[in-house]
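**Student:** Everything below, folded, please.
(chains A and B)
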Amino acid sequence: MRVFSALLARELRLAARHGGDTFGALLFFFVAGALFPLAIGPSPAVLANLAPGIVWVCALLSALLPLDRLFGADFEDGSLDQLLLSGLPASLVALAKALSHWLVTGLPLLLAAVPLSIMLRLPSAALPALLAGLLMGTAVLSLLGTACAAIVLGARRGGVLLPVLILPLTTPVLIFGAAAVAGEPRANLLLLGAYLAACLPLCPVAAGAALRGALD
Amino acid sequence: MPPARLLAQSVSVFRGERLVLDRIGLAVPAGGALLLLGPNGSGKSTLLRAAAGLKRLDGGRFLFDGTDDFLGQVAYLGHQDGIKPGLSATENLSFAARISGRPIGPALLALGLAPLADLPARMLSAGQKRRLALARLSVSGAPLWLLDEPTLGVDAATVAAFGGILAAHRESGGLVLAATHLPLPLPDAVELRLG
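**Tutor:** Sure, this is the predicted structure:
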């Protein structure tokens, strides 16, 4: 536990020091979301209809941005060796990475989703369902992203491979998350929660095995 | 002959199709040092990574204090320093220090890095980064040190200072396995020739 918190503190300090990477994902989220009204017109009725989908797709894409550096930088400068020798199992190293990714990407996206959805004229009654979905959805994205980032580690052109690998896996998140806003919230949020419950133990284990393989 | 703390029993490792380590056996007692010698590509680095548990063994096993599960007892220094350019010298060591509970200051002082403690590591020269990586060894508090060309690119004064650190580590019962082409301050180290 002490090692885990030390690793998390290290990750957060690095994220704070490289604020540009962290802030970049958030800025991308806003800019991409703001493009839609320009492209499809300012009609409030159309925008309100599309808002959940826009917010979700933008959140998905911006969560992808920091993923290729999640392990890449540590892999290249030899830090990953040190992390795996810290006494923590590789799967917990991956879990700490996923948690730090969520804290510096997922959580800010969640907060930024409020002004973006207001801008897109989403009815305020739909906001709780959107945020509840995003809360779980961003956590799933961080977990899946960590696993996929570990899998493509060491592969040439890993940065291209990564979205191809992760986007199909995130389709349930997108479907349930957007449907929770547009349709029946309870059932869709429960399904999203079930997906999160499956990812929580499986993704760190897969990522841990992939990390060991990448260093082998 | 004191009892061995680190044992390798017919360790074999493939790299691709090539058998790099063929049934290697070694025994290092508490306070002992083993120098791995051999030409490039003879498997020195592979043996160190295998001992650290970073490389999967294709045969045999390593035992440390009688167990093959000694994750967290190892400090490894590879070709790469594992230094984060964005963090200061102190911050780079703080992860190792938080795990071991050891102070950072004395380690930096011993390697002449104390005046650079608050400087971002990207301002350090290659040799200074290597010194920082050497300082991390003594902060780690791990009993088994695996060193791959530890003094590559550092000056003679640092090698001498590092000799003192190695001696203190061995004095406290620690072990050193080092692969090198340069003379290392490891008195009465046993030599193992690979390849």
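**Student:** which stretches of chain B form helices?
**Tutor:** Shown for chain B, the helices assigned by DSSP state H span residues B:44-52, B:89-100, B:105-110, B:126-140, B:156-171.
**Student:** closest one to residue B:79 among the ones you listed?
**Tutor:** Residue B:79 lies closest to helix B:44-52 among these, at 7.4 Å (C-beta to C-beta). Heads up, the C-betas are built off the backbone N, CA and C, glycines and all.
**Student:** what's the closest one packed up against?
**Tutor:** The helices and strands touching helix B:44-52, judged by 3 or more C-beta pairs under 8 Å, 6 or more residues apart in numbering or on different chains; DSSP states H and E, are strand B:4-15, strand B:18-29, strand B:33-37, strand B:74-77, strand B:144-148, strand B:175-179.
**Student:** Provide the backbone phi and psi angles at the residue located most distally from the centre of chain A.
**Tutor:** With C-alpha atoms, centre = their mean as the measure, chain A has its most outlying C-alpha, relative to the mean C-alpha position, at residue A:43: 30.1 Å. Reported as degrees, to the nearest 10, the phi and psi values for residue A:43 are phi -60, psi 120.
**Student:** how close does it sit to chain B?
**Tutor:** For residue A:43, the distance to chain B equals 46 Å [C-beta to the nearest C-beta, to the nearest Å].
**Student:** Likewise for residue A:138?
**Tutor:** 25 Å.
**Student:** tally of neighbours for that residue?
**Tutor:** Residue crowding around residue A:138 was assessed by other C-beta atoms under 10 Å in any protein chain shown; the count is 26.
**Student:** so how far is whichever strand or helix holds it from its chain's centroid?
**Tutor:** For residue A:138, the host element (DSSP states H and E) is helix A:127-151. Computed by C-alpha atoms, centre = their mean, to the nearest Å, the chain-centroid distance of helix A:127-151 equals 5 Å.
**Student:** Over to stretch B:145-160?
**Tutor:** Stretch B:145-160 sits 10 Å away from the centroid of its parent chain (C-alpha atoms, centre = their mean).
**Student:** mean confidence score for that stretch?
**Tutor:** When pLDDT is averaged over stretch B:145-160, the result is 93.
**Student:** what does it contact?
**Tutor:** B:44-45, B:48, B:51-52, B:74-79, B:111-112, B:126-127, B:130-131, B:134, B:137, B:162, B:169, B:174-182, B:184-185 (C-beta atoms under 8 Å, 6 or more residues apart in numbering or on different chains).
**Student:** ok, now with 6 Å
**Tutor:** Counting by C-beta atoms under 6 Å, 6 or more residues apart in numbering or on different chains, the neighbours of stretch B:145-160 from elsewhere in the structure are B:45, B:48, B:51-52, B:75-79, B:126-127, B:130-131, B:137, B:176-180, B:182.
**Student:** of the residues you listed, buried ones?
**Tutor:** B:45, B:48, B:51-52, B:75-78, B:130-131, B:137, B:176-180 (16 or more other C-beta atoms under 10 Å in any protein chain shown).
**Student:** Tell me which two of those residues sit farthest apart.
**Tutor:** Using C-beta to C-beta, the pair of those lying farthest apart is B:51 and B:131, separated by 23.8 Å.
**Student:** This completes my enquiry, with thanks.
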